[in-house]
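Student: sharing a model prediction with you, sequence too.
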Amino acid sequence: MSDDKNTLAIMLFSEILAADHSMRGRLSRVLPKGMEISHFSVLNHLIYKDSETSPAQLAERFGVTRGAMTNTLTKLEWAGYVHIRPDWDDARRKMVGISPAGRLARDTAVAAITPMINQVVEDLGEDQARAALPILREIRIKLASGSP
């Protein structure tokens, strides 16, 4: 890779990391008390999936270890946001579903973050925000697939 390409790659990933850091900081400040970004992400996923899933599937989806996902799910279960039950087909596995309290917590979090994210899109401009989506999506997919 030439020096120009190396510089471009470093600049691209530096911007992505800086944006991620800023977004996480701002989200952490506006999420409801006690809710972490990982909690919101899992609740949001469960709402969109609209069916139960296993902790292993969630860990794979979020690119974290099973232990890390178990930790997050334990906190969500303790808060009453998810139900964890044995898998009726394979008792060695568990299944996770969102509870009514989890739906309410996720909806409350969405209401809290919506003004902040809408302001970012407004400041950026709708056309630029739409143009960025396919590029960011492609970067995410390439990183998730592990391709070099």
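Tutor: Here it is on my side, so go on.

Student: neighbours of Leu46, how many?
Tutor: Using other Cβ atoms under 10 Å, Leu46 has 23 other residues around it. For the C-beta atoms, the positions are set from N, CA and C on the backbone; glycine is no exception.

Student: all helices in the chain, in order from the N-terminus.
Tutor: Assigned by DSSP state H, the helices in the chain fall at 3-30, 37-49, 55-62, 66-78, 100-124, 126-145.

Student: among these, which is nearest Asp89?
Tutor: Across the helices of the chain, Asp89 has its closest neighbour in helix 55-62 (14.2 Å, Cβ to Cβ).

Student: give the buried residues for the closest one.
Tutor: 55, 57-59 (16 or more other Cβ atoms under 10 Å).

Student: Leu8: which of those residues is nearest?
Tutor: Ala59 (32.9 Å).

Student: quick one, what contacts Leu17?
Tutor: With contacts defined as Cβ atoms under 8 Å, 6 or more residues apart in numbering, Leu17 has no neighbours.

Student: rewinding a little: got the buried residues of helix 55-62 as CSV, with distance to Lys33 and pLDDT columns?
Tutor: Shown next, in CSV, are the buried residues of helix 55-62 (distance: Cβ to Cβ, whole Å; pLDDT from 0 to 100):
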residue, distance to Lys33, pLDDT
Pro55, 25, 97
Gln57, 29, 95
Leu58, 24, 97
Ala59, 26, 96
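
Student: before we move on, the earlier item: nearest to Asp90, out of the helices of the chain?
Tutor: The nearest among the helices of the chain, by Cβ to Cβ, is helix 55-62 at 11.4 Å.

Student: starting at the chain centroid, how far to the closest one?
Tutor: Taking Cα atoms, centre = their mean, to the nearest Å, the mean C-alpha location of helix 55-62 is offset from the chain mean by 11 Å.

Student: that's all I had, so thanks and see you.
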